[in-house]
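A.B. asks: A predicted structure for the sequence below; I have some questions about it.
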Amino acid sequence: MINVKDIVKGFKTPESRWARFGPYYAMFPLDFAFEVVEQYSNIGDFIIDPFAGRSSSIYAGGVLGRHSLGIEINPVGWLYGTVKLQPAGKSEVICRLFEIYSKRNYYKKAVERMPLFYRMCYCDEVLKFLLASRKHLDWENDCVDATLMSILLVYLHGKLGEGMSNKMMMTKAMGINYSINWWKKHNLTTPPEINPIDFIMKKLDWRYKKGIPAVFDSHVILGDSTIELDKIIQDAQEADIRFSLLFTSPPYFSVTNYYSDQWLRLWLLGGSEIPKSRKEKYKTRFSSKKDYYILLNNVFGKCASLVDKNSTIYVRTDRRDFTFNSTLEILHNHFPQHKTEIRDRPFRKRTQTEIYGNSSVENGEIDIIMSRK
Ligand SMILES: C[S@@+](CC[C@H](N)C(=O)[O-])C[C@H]1O[C@@H](n2cnc3c(N)ncnc32)[C@H](O)[C@@H]1O
């Protein structure tokens, strides 16, 4: 019998050790994710989250015995999610860690060519190891490589001693010039000397100390929901499956950009050495009201054809007018038979969104809960 309290508080079980895996922006509080799944679904039900982020909803669903399916477009969020649902075995990850580490000296010259930011952020030993990992880890296709890569992502930057970098924030990577100037101003121009093997081994020991979480049939797809949902609809029709809980939190209009905030982690995954503004759809801070509306309308419209008529729709969003009103209107249109309850969720403590986003007094979140009962 699973004790949810042991998962959302403390680190006594494998499920609790992996539950918070991955610093991400605007993530669900863990206790909230478990509460919603417990209250609005039953064991064996099907749950979907088309904007999964680091997959707390899907993890709660899987740990509580629900078939759970997520979709996430950002590879950083996706990796955290997919790994915590099914981490590779510790010994295989350690073997791979040593294999990658043994290749580091091929990257001596490459380190010398790296832009100043990287030389100030990481000591040579770490930077060589990161360049080898970036080149050789097949994180998209291989479970062991995905697990090792996701551990590297978690500790890629953070406070001194907590990450492999010079002093930085953990959740969000600051810009190149900002960081260089900040390090100069605070006399931190020399990165900390870290042995990457010792450092990562300690992190692996802690994470695996209680084992691997038991997660029931749950997956997260790396992709764009407007595309992936078509395939899911087809598969669900063929298998005669209906989802009983749609539990999600869409991006908030004009608040954050999940790509530029994660630019350094995206670099490690093979992206550009310098943060670039993205032109691709859904990879920017949403600034066009029309595009934002179209995305939500498309995704919730497709989800409507997947859910059971007695399903619950649980959507957490930003309470600012445009995001909230559009979301509510779209949900009413696609779920006309459902009754709606609105719950105000003022921030309990200062969140990342509040600190870096717009900190107007209207800030806070709001839950839209729709059901037939
Ligand atoms: C508010 S966050 C979700 C956070 C999540 N509830 C958690 O606990 O981590 C919204 C997420 O939607 C993702 N997203 C935006 N457009 C998307 C799309 N077209 N398809 C799939 N995911 C998308 C963003 O990358 C972001 O991770």
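C.D. replies: Ah, there it is. Residues are numbered from 1 along each chain as shown.
A.B. asks: The residue nearest to L127 when sequence neighbours are not counted - how many residues pack around it?
C.D. replies: Nearest residue to L127 in three dimensions, chain neighbours excluded: V111, at 4.9 Å (Cβ to Cβ, 6 or more residues apart in numbering). Placement of C-beta: from N, CA and C, glycine included. A count of nearby residues for V111, using other Cβ atoms under 10 Å, gives 19.
A.B. asks: Likewise for P275?
C.D. replies: 20.
A.B. asks: coming back round to it: in which helix or strand does the residue nearest to L127 reside?
C.D. replies: Under the criterion of DSSP states H and E, V111 resides in helix 108-112.
A.B. asks: so how far is that helix from its chain's centroid?
C.D. replies: 31 Å (Cα atoms, centre = their mean, to the nearest Å).
A.B. asks: Please spell out which residues along the helix or strand just after that helix are buried.
C.D. replies: Sequence order places helix 116-121 as the next helix or strand after helix 108-112, per DSSP H and E. The neighbour-count check on helix 116-121 (16 or more other Cβ atoms under 10 Å) flags 117-121 as buried.
A.B. asks: ok, back up a step: kindly provide the distance from the residue nearest to L127 to I369.
C.D. replies: Relative to I369, V111 is positioned 52 Å away (Cβ to Cβ, to the nearest Å).
A.B. asks: Does the closest residue to H136 other than its chain neighbours belong to a helix, a strand or coil?
C.D. replies: Among residues not flanking H136 along the chain, I100 sits closest, at 5.8 Å (Cβ to Cβ, 6+ apart). The assignment at I100 comes out as helix when based on DSSP: H, G, I helix; E, B strand; the rest coil.
A.B. asks: correct me, but I100 touches D145?
C.D. replies: No. Judged on Cβ atoms under 8 Å, I100 makes no contact with D145 at a distance of 9.0 Å.
A.B. asks: And the two? Which one has more around it.
C.D. replies: Neighbour totals were compared for I100 and D145, and I100 leads with 24 against 20 (other Cβ under 10 Å).
A.B. asks: Next one: that one from the ligand, what distance?
C.D. replies: 27 Å (Cβ to the nearest ligand atom, to the nearest Å).
A.B. asks: The residue nearest to H136 and Y155: what is the separation?
C.D. replies: 15 Å.
A.B. asks: same deal with L306?
C.D. replies: 37 Å.
A.B. asks: Could you find the closest non-adjacent residue to L30?
C.D. replies: Leaving out its chain neighbours, L30 is closest to V8 (Cβ to Cβ, 6+ apart), at 4.8 Å.
A.B. asks: In terms of pLDDT, where does the one you found sit?
C.D. replies: Note for V8: predicted pLDDT of 89.
A.B. asks: you'd agree it is up against V37?
C.D. replies: No. Contact status for V8 versus V37: not in contact, 11.6 Å apart, counting by Cβ under 8 Å.
A.B. asks: Which one's more surrounded, those two?
C.D. replies: V37 (28 against 19).
A.B. asks: looking only at pLDDT, what's the mean for the helix or strand containing that one?
C.D. replies: Using DSSP H and E, V37 maps to helix 30-40. Average pLDDT, helix 30-40: 97.
A.B. asks: and that helix, what does it pack onto?
C.D. replies: helix 4-8, helix 56-63, strand 243-248, strand 307-318 (3 or more Cβ pairs under 8 Å, 6 or more residues apart in numbering; DSSP states H and E).
A.B. asks: Buried deepest among those, which one?
C.D. replies: Ranked by mean neighbour count, the helices and strands packed on helix 30-40 are led by helix 56-63 with a mean of 30 (mean count of other Cβ atoms under 10 Å).
A.B. asks: That one vs strand 307-318, what angle?
C.D. replies: With axes from the mean of the first three to the mean of the last three Cα atoms, to 10 degrees applied, the angle from helix 56-63 to strand 307-318 works out at 140 degrees.
A.B. asks: Return the distance of helix 56-63 from the chain's centre.
C.D. replies: Averaging C-alpha positions (Cα atoms, centre = their mean) puts helix 56-63 13 Å from its chain's average.
A.B. asks: returning to that earlier point: adjacent strands (with direction) for the next helix-or-strand element following the helix holding V37?
C.D. replies: Following helix 30-40 in sequence order, the next helix or strand is strand 46-49 (DSSP H and E). Next to strand 46-49 in the sheet, as set by DSSP bridges, lie strand 67-72 (parallel), strand 243-248 (parallel).
A.B. asks: ok, residues contacting strand 46-49?
C.D. replies: 37, 41, 55, 57-58, 61, 66-71, 232, 241-248, 303, 306-307 (Cβ atoms under 8 Å, 6 or more residues apart in numbering).
A.B. asks: 6 Å instead?
C.D. replies: 41, 57-58, 61, 66-70, 241, 243, 245-248 (Cβ atoms under 6 Å, 6 or more residues apart in numbering).
A.B. asks: distance of K172 from Q262?
C.D. replies: 8 Å.
A.B. asks: These two: which is more packed in?
C.D. replies: Q262 (26 against 19).
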